[in-house]
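>>> here is a sequence with its predicted model. Questions after.
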Amino acid sequence: MRFLLVDDDPHIGLAIRHVAEGCGFDVRTTNRVNGFKAAYKEFRPDVVTLDLGIADGDGIELLRYLADDGCLAQILIVSGFDARVLDAAKRLGEARGLKMAGTIAKPMRLAQLRSVLSQLRQDASHA
């Protein structure tokens, strides 16, 4: 399964990458909006992990982009915004027809991320 991550914090990005690879994903990462859009078009991920706060844009913009493209990937939001903002972003994605896998607040627990990603892999293998 292909996994695409956008996060402008290199330490967080590396941690998420390692967890995703440990769960068996083929991972691509980016830290910019345009890099994300290019990687998304070329890579066609099964799972997308978005940060809501990106240096050159934001995750809400990317949710709209994915919805407009008819994205079929599972989308997980991992961000430092408060729970109300994370929930609102998730609801926006759902309202736009996206498959929202959930939200994880930063600072994240790697065990929680591992659990979510393992479940996504397991669900995909039974689909």
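Noted; the coordinates are in hand.

>>> by mean pLDDT, flag the weakest helix or strand of the chain.
Using mean pLDDT, DSSP states H and E, strand 57-58 stands out as the lowest-scoring helix or strand of the chain, at a mean of 87.

>>> residues contacting the helix ranked longest in the chain, please?
The longest helix of the chain (DSSP state H) is helix 110-125. Residues from elsewhere that reach helix 110-125 (C-beta atoms under 8 Å, 6 or more residues apart in numbering): 1, 3, 15-16, 19-20, 22-25, 46-47, 74, 76, 78, 101-102, 104. (Glycine included, C-beta is placed from N, CA and C.)

>>> about what we covered before: may I have the strands that pair with the least confident helix or strand of the chain, each with its orientation?
The pairing partners recorded for strand 57-58 under DSSP bridges are strand 53-54 (antiparallel).

>>> pLDDT (mean, whole number) over the partner strand?
Strand 53-54 shows a mean pLDDT of 90.
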